[in-house]
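Q: Need the 3D shape of this:
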Amino acid sequence: MKNGAKLIVFHPSLQKQGLGIMPAASPRVLFLVFVSFFAFAFALSFFSGRDAVPAPGSGGGVSARSELPEPVMDALVHYATVNTTAVASRMSAAEVSAVAATLRRCGPACNFLVFGLTHETLLWRSLNHKGRTVFIDESAYMVSKMEEKHRGIEAYDVPFTTKVSELYDLLEHAKEQLKKECRPVQNLLFSDCKLAINDLPNHIYDVAWDVILIDGPRGYLPSAPGRMSPIFTAGVLARSKPGAGNSKTHVFVHEIDRDVERVTSERFLCRDNMVDSVDSLGHFVVGKLNPNDYKFCSKSESSSSSSKPSMADE
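A: Modelled structure (predicted):
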């Protein structure tokens, strides 16, 4: 060779052994790697960007599929910012789960009636955001505040005239009027029963309620309204449920370990209808009755729940 140039020849085996160089990939392997890379890149860009594509006719806005329903958004913001240590009489996780499971089974669009504006109000609305959720509360101020803060919420105030201290007098009145004003099947709008809630908007009485939750009004003082009226009203709504068939109504009573809730539930929701009890939440499933039936509970159950009944007697 001229000018001191040298020719270096590598033996094929050095590619694998001596210099640690990887074997050359075949054209087929390179092609598969190339196709796999671009397939992955395309999938990544598609799934990460599809919700940001403007919807047709939206003027460049974000597609509706990327937006959370407003009730769900309200609930997320509320529970992320609320001071939970300052909230009294909250439901336990097990109690919330029991109600949520029933809403899920009757969904996606339940008719859900709730007595009481509580810590869980926005949660109930968000869990049933495809259905109809109506709230009943004793405080006109709280109802007004809730409607002002959360657009679209449906809530009504009721001026309760009952008192916890009047429990047994009211039960005696209901017994005397069992075949008249306090019968189990009736249009509550026209009822003069002392336990009936008859001053709600007319259309509320025409709804076939799937789930009713009683978590109000106040019931911890003798002078408080108590929950006798909501429990009686829930019992009548379930037994007078409009529509064909014999669909049943799930009724939940919170703080059922207290006397008013326990005794009134036994009288108007009935022990035979109680399907579960989680912490202080009672779960009843109540069916429709014939208009000519004047008994809330079975004969044996009614006779055993005379003056001061107790679920512990079972």
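
Q: Tell me how this protein divides into domains.
A: 1-67, 70-313 (automatic domain parsing).

Q: mind putting these in JSON lines, mean neighbour count and mean pLDDT included?
A: In short, each C-beta sits where N, CA and C put it, glycine included. Shown next, in JSON lines, are the domains of the chain (neighbours: other C-beta atoms under 10 Å; pLDDT from 0 to 100):
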{"stretch": "domain 1-67", "mean neighbour count": "9", "mean pLDDT": "45"}
{"stretch": "domain 70-313", "mean neighbour count": "17", "mean pLDDT": "90"}
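
Q: quick one: the residue nearest in space to the middle of the chain from residue 194, how far?
A: When C-alpha atoms, centre = their mean is applied to the chain, the residue found nearest the centroid is residue 124 (3.9 Å). In this view, residue 124 and residue 194 are 28 Å apart by C-beta to C-beta, to the nearest Å.

Q: Residue 128 reaches residue 104, doesn't it?
A: No: using C-beta atoms under 8 Å, residue 128 makes no contact with residue 104, being 9.6 Å away.

Q: quick one, what contacts residue 184?
A: Residues in contact with residue 184 (C-beta atoms under 8 Å, 6 or more residues apart in numbering) are 235-236, 239-240, 268, 289, 293-296.

Q: Out of these, which is nearest to residue 100?
A: Using C-beta to C-beta, residue 235 comes nearest to residue 100 of these, at 23.2 Å.

Q: How much space separates the residue nearest to residue 160 when sequence neighbours are not counted from residue 167?
A: In this structure, residue 160 finds its nearest non-sequential neighbour in residue 225, 3.6 Å apart by C-beta to C-beta, 6 or more residues apart in numbering. From residue 225 over to residue 167 the distance is 11 Å, taken as C-beta to C-beta.

Q: Repeat that for residue 122.
A: Residue 122 sits at a distance of 32 Å from residue 167 (criterion: C-beta to C-beta).

Q: where does residue 69 land on pLDDT?
A: In this model, residue 69 is scored at 82, pLDDT.

Q: how about the nearest residue to it, chain neighbours excluded?
A: Using C-beta to C-beta, 6+ apart and skipping the chain neighbours, the partner closest in space to residue 69 is residue 129 (4.5 Å).

Q: got it, and residue 136?
A: Per C-beta to C-beta, 6+ apart, closest to residue 136 is residue 115, 4.9 Å.

Q: what's the answer for residue 269, then?
A: Nearest residue to residue 269, sequence neighbours excluded (C-beta to C-beta, 6+ apart): residue 284, at 4.3 Å.

Q: So what sits opposite that neighbour in the bridge?
A: Counting by DSSP bridges, residue 284 is bridged to residue 251, residue 274.

Q: Touching, it and residue 250? I think so.
A: Yes: using C-beta under 8 Å, residue 284 is in contact with residue 250, at 7.4 Å.

Q: Where do the strands of the stretch 201-314 of the chain begin and end?
A: Under the criterion DSSP state E, counting those that start in this stretch, strands of the stretch 201-314 of the chain are mapped to 211-214, 249-254, 274-278, 281-286.

Q: a markdown table please, covering those strands and showing distance to residue 159.
A: Formatted as a markdown table, the strands of the stretch 201-314 of the chain follow (distance: least, C-beta to C-beta, whole Å):
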| stretch | distance to residue 159 |
| --- | --- |
| strand 211-214 | 18 |
| strand 249-254 | 22 |
| strand 274-278 | 30 |
| strand 281-286 | 26 |
